[in-house]
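Colleague: sequence and predicted model, in that order:
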Amino acid sequence: MAGKADRIQGEATSLIYPVSNRHYSWLKGYKDGGSEDVPQLSAEMTGIPRLRAHALSIVAKEVWTTLMTHIRHKVVAFVMALKAWANATRRSSDSEVSDAHEKYVKALEAYHKTLAERSTTLLAAPMREASPEMARKAYDFLSKEVRGWHWCTIKAFVRRGGKYESKSVGRHSWNAKMMQPAVNFMSTAWDELVLEEETAIEATLVDISKALYDTLEDVKEPMELMQIPEEQFQRFLDAQKHGIHDAFAKYKEEFGKEFQNVKYTAEKDDAAGYFAKAMQEIYEKAEKMKGTGYKDAVMTKVEQYINLGSKESPFTKMASASANNVYHQATVATKALTKDCNKIFRQIFDQFGCMLDNTPDHDGSVAEVKGKLATYLTDAEQEMKSMVERLGEIELNPYPEGIKKEEEISPAKGVKQEKSVKAEPSRPKRSSRVKDEEE
């Protein structure tokens with residue numbers, strides 16, 4: 001085991017775990033053919049515990065994040081909702097709370113509008129101005145290089161969407177050659193759009209969080225008049241804030257992936273690429289052409305197509321498709337975000353209505369249940385608060401005093417240890433009596 005570990009070089013040593021299953025099985029009580037006198041390793045020296053710890057660490061972060069989100073958002077919100085019901089006042093109205101939902105909807109609409117405008121401004125609009133220069137470079141390639149090819153070679157390229165390999169000219173892609181200047185031109189715009197989108201989504205999150213706390217201000221006066229405890233509603237909103245942040249984190253991750261897919265599609269050279277789709281129309285028309293003067297007719301038609309006005313230029317179509325798909329992917333990804341936010345705001349409305357209760361209680365049984373529940377939740381809330389604080393401490397320091405990391409644990413005492421596990425020539429087995437005499 002140690003000999004094999006020595007062969008591992010570089011950073012790979014931290015990802016490879018040599019283990020001894022034979023020794024580990026012996027430690028668990030397995031006896032191999034009645035032979036119990038072989039040299040043994042401690043559990044740590046077998047390598048199995050380190051391998052198990054590494055395997056668990058792969059998913060530990062995600063499991064821990066899920067646990068903390070569940071406790072800070074759902075558990076806290078549930079307990080505070082129960083407390084709100086237990087302390088409910090007999091009246092019903094949620095008109096003040098509805099303003100928060102309207103602010104949240106307007107915040108998302110503003111984000112979509114900003115993203116649509118900036119995508120067009122940074123990607124599509126500059127390309128409309130630069131398309132004549134892009135067309136000039138593409139024309140130089142077609143007229144100076146492609147026109148010198150044999151007509152059969154040109155026909156083969158046209159039939160395959162501008163991409164072909166022949167013995168006479170080698171492997172070429174017309175689309176890749178013509179669109180590369182446009183790809184380079186748009187590279188800075190992509191980076192700027194990423195930064196502006198991140199700024200816009202952060203501003204949206206701030207606006208929605210502010211709308212949550214404005215809710216408390218909106219209902220503060222009626223809550224005081226009806227003697228509703230303000231602190232419990234504040235803590236309920238704090239719990240919902242964790243849910244909002246978690247929903248936005250999921251959106252950022254999903255949209256980030258789709259944004260990169262759009263950028264990749266704009267820059268890649270295949271049939272799904274935006275530039276290839278813009279050029280497909282002229283290739284299909286050229287494929288139907290035949291007769292005398294075929295080469296000159298086809299090349300003239302392709303050259304005229306790339307020199308179309310700025311709005312119809314294939315370069316402008318590529319940039320416009322990029323901008324439109326960025327906005328489209330944002331709207332698609334926002335559906336899940338909207339669903340999560342709607343659920344959270346609905347919970348806020350429900351619990352505010354619960355605090356202004358209008359449930360009939362003719363025999364006093366509802367009031368009795370509320371009284372007992374309110375008494376119980378006083379202690380439960382404190383325990384829950386201590387639990388959240390303790391989990392926060394664990395998150396900051398997973399190894400408190402008295403707990404050692406796995407690699408710091410020393411081998412168990414009284415267990416025979418091998419100095420090395422290098423292969424040795426087999427020797428005849430001697431009896432235990434001979435061994436005792438030698439000792």
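Modeller: Sure thing, it's come through. These numbers were taken from a predicted model, which means no experiment stands behind them.

Colleague: surely residue 312 is within a strand?
Modeller: No: with DSSP: H, G, I helix; E, B strand; the rest coil as the criterion, residue 312 is assigned coil and is not in a strand.

Colleague: would you map out the domains in this structure?
Modeller: 2-45+411-438, 93-359 (automatic domain parsing).

Colleague: of those, which shows the lowest average pLDDT?
Modeller: Note on the domains of the chain: domain 2-45+411-438 shows the lowest mean pLDDT, a mean of 53.

Colleague: mind listing the helices for the stretch 151-300 of the chain?
Modeller: 151-159, 174-218, 220-225, 230-267, 274-287, 294-306 (DSSP state H, counting those that start in this stretch).

Colleague: so which residue is dead centre in the chain?
Modeller: With distances taken as C-alpha atoms, centre = their mean, residue 253 lies nearest the centre of the chain, 3.1 Å away.

Colleague: so for residue 73, which of the helices of the stretch 151-300 of the chain sits nearest?
Modeller: Closest to residue 73 of the helices of the stretch 151-300 of the chain, according to C-beta to C-beta: helix 230-267, at 4.2 Å. Any C-beta I mention is one placed from the backbone N, CA and C, and that applies to glycine too.

Colleague: the closest one: which residues count as buried?
Modeller: Of all the residues in helix 230-267, those buried under the rule 16 or more other C-beta atoms under 10 Å are 232-233, 235-248, 251-252, 254-255, 258-259, 262-263, 265-267.

Colleague: and if you look at stretch 198-206?
Modeller: Buried, per 16+ other C-beta under 10 Å, within stretch 198-206: 200-201, 204-205.

Colleague: need these in CSV with distance to residue 102, can you?
Modeller: Output for the buried residues of stretch 198-206, formatted as CSV (distance: C-beta to C-beta, whole Å):
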residue, distance to residue 102
200, 20
201, 20
204, 15
205, 17
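
Colleague: now, which of these sits nearest residue 183?
Modeller: Checking the buried residues of stretch 198-206 against residue 183 by C-beta to C-beta gives residue 200 as the nearest, at 24.9 Å.

Colleague: isn't the closest one right up against residue 117?
Modeller: No: counting by C-beta atoms under 8 Å, residue 200 does not reach residue 117; the two are 10.1 Å apart.

Colleague: measure residue 45 to residue 68 for me?
Modeller: Residue 45 sits 35 Å away from residue 68, going by C-beta to C-beta, to the nearest Å.

Colleague: who has more neighbours out of those two?
Modeller: More crowded of residue 45 and residue 68, by other C-beta atoms under 10 Å: residue 45, with 21 against 17.

Colleague: where does the more buried one sit: helix, strand or coil?
Modeller: Assignment for residue 45 (three-state DSSP): coil.

Colleague: any idea how far it is from residue 56?
Modeller: Counting by C-beta to C-beta - residue 45 and residue 56 are separated by 20 Å.

Colleague: the host helix or strand of residue 390 - what's its average pLDDT?
Modeller: In this structure, residue 390 sits in helix 365-396 according to DSSP states H and E. Across helix 365-396, pLDDT averages out at 79.

Colleague: still on that earlier bit, what residues are up against the residue nearest to the centre of the chain?
Modeller: By C-beta atoms under 8 Å, 6 or more residues apart in numbering, no residues touch residue 253.

Colleague: gap between it and residue 243?
Modeller: Taking C-beta to C-beta, one finds residue 253 at 16 Å from residue 243.

Colleague: cool, residue 287 as well?
Modeller: Separation of residue 287 from residue 243 (C-beta to C-beta): 56 Å.

Colleague: so how many other residues sit close to residue 72?
Modeller: Counted with other C-beta under 10 Å, residues neighbouring residue 72 total 20.

Colleague: could you do residue 171 as well?
Modeller: Residue 171, neighbours per other C-beta under 10 Å, totals 8.

Colleague: quick check: it touching residue 160?
Modeller: No: using C-beta under 8 Å, residue 171 is not in contact with residue 160; the gap is 11.5 Å.

Colleague: can you give me the strands for the stretch 51-200 of the chain?
Modeller: 89-90, 163-166, 170-173 (DSSP state E, counting those that start in this stretch).

Colleague: the second one - which strands sit beside it in the sheet, and in what orientation?
Modeller: Sheet pairing here is set by DSSP bridges, and for strand 163-166 it gives strand 170-173 (antiparallel).

Colleague: give the buried residues for the strand it pairs with.
Modeller: For strand 170-173, using 16+ other C-beta under 10 Å, the buried residues are 172-173.

Colleague: list of residues touching it?
Modeller: Under C-beta under 8 Å, 6+ apart, the answer for strand 170-173 is 157, 162-165, 269.

Colleague: what do you get if the cut-off is 7 Å, keeping everything else the same?
Modeller: Contacting residues not belonging to strand 170-173 are listed as 162-165, 269 [C-beta atoms under 7 Å, 6 or more residues apart in numbering].

Colleague: these, buried ones only, as a PyMOL selection?
Modeller: A single PyMOL command selects the buried members of these (16+ other C-beta under 10 Å):
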select buried, resi 162+163+164+269
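
Colleague: of all pairs in the contacts of strand 170-173, which one is the farthest apart?
Modeller: So, the contacts of strand 170-173 by C-beta to C-beta: farthest apart are 165 and 269, at 13.7 Å.
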